[in-house]
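1. Okay, predicted coordinates and the sequence, questions at the end:
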Amino acid sequence: MSEHSITVDAEVFARLQREAKPLIDTPNSVLRRLLALDEASTQPGALAKLLAAGLLKPEQRLTWRRRNLGQEHHAHVTAGGGLRLEDGRICGSPSGACEAVTGAKANGWDAWHTDDGTSLSALRGRA
């Protein structure tokens with residue numbers, strides 16, 4: 001996905017700030033939500049079954065800690081079962097989110113964890 005810069009006036013920026021979820025949203029993710037781009041896909045995301053079972057909640061934060069590299073990545077579960085990355089991109093699967101974040105393939109079911117340290121793989125085993 002290519003990136004572009006835009007300039008907005010103070011009124012538009014103030015609106016983006018009002019619409020933002022503190023410590024979660026970026027200007028891009030606010031615009032994606034306001035423009036209904038999160039709902040653009042009609043296919044349910046890979047996490048839909050975990051949402052339906054009550055094992056995950058919409059907007060729940062997930063973390064991928066890459067200890068050897070000293071990196072930590074965050075994503076939030078969308079209502080449709082996808083993962084919204086910190087830059088606002090939506091991925092339909094945990095592994096796809098790993099690749100989108102780093103450019104490398106990884107098993108996202110083992111990589112992403114809830115705040116209490118439970119892997120998506122463990123949650124999938126409970127569903």
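-> Great, that's in hand. Numbering: from 1, shown residues only.
2. which residues of this protein score low on pLDDT?
-> Of all residues in the chain, those with pLDDT under 70 make up the ranges 1-2, 23, 36-44.
3. all strands for it, in order.
-> Counting by DSSP state E, the segments of the chain that form strands are 61-66, 71-77, 83-85, 90-91.
4. Would you reformat those as a markdown table and include mean neighbour count?
-> For glycine as for every other residue, the C-beta is placed from the backbone atoms N, C-alpha and C. Shown next, in a markdown table, are the strands of the chain (neighbours: other CB atoms under 10 Å):
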| stretch | mean neighbour count |
| --- | --- |
| strand 61-66 | 17 |
| strand 71-77 | 18 |
| strand 83-85 | 23 |
| strand 90-91 | 22 |
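5. between those, which gets nearest to residue 27?
-> Shortest distance between residue 27 and those, using CB to CB, is found for strand 83-85: 13.8 Å.
6. same for the closest one, what does it pack against?
-> Contact partners of strand 83-85 among helices and strands, from 3 or more CB pairs under 8 Å, 6 or more residues apart in numbering; DSSP states H and E: strand 71-77, strand 90-91, helix 94-102.
7. Output the first one in CSV, but only the C-alpha positions, please.
-> Read that as strand 71-77. The C-alpha atoms that make up strand 71-77 are tabulated as CSV, following Å, rounded to 0.1, in the frame of the first residue of the first chain:
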residue,chain,number,x,y,z
GLN,A,71,10.3,-4.9,18.4
GLU,A,72,6.7,-4.7,19.6
HIS,A,73,3.7,-4.4,17.3
HIS,A,74,0.1,-3.7,18.1
ALA,A,75,-3.2,-4.3,16.3
HIS,A,76,-6.8,-4.1,17.2
VAL,A,77,-9.5,-6.6,16.4
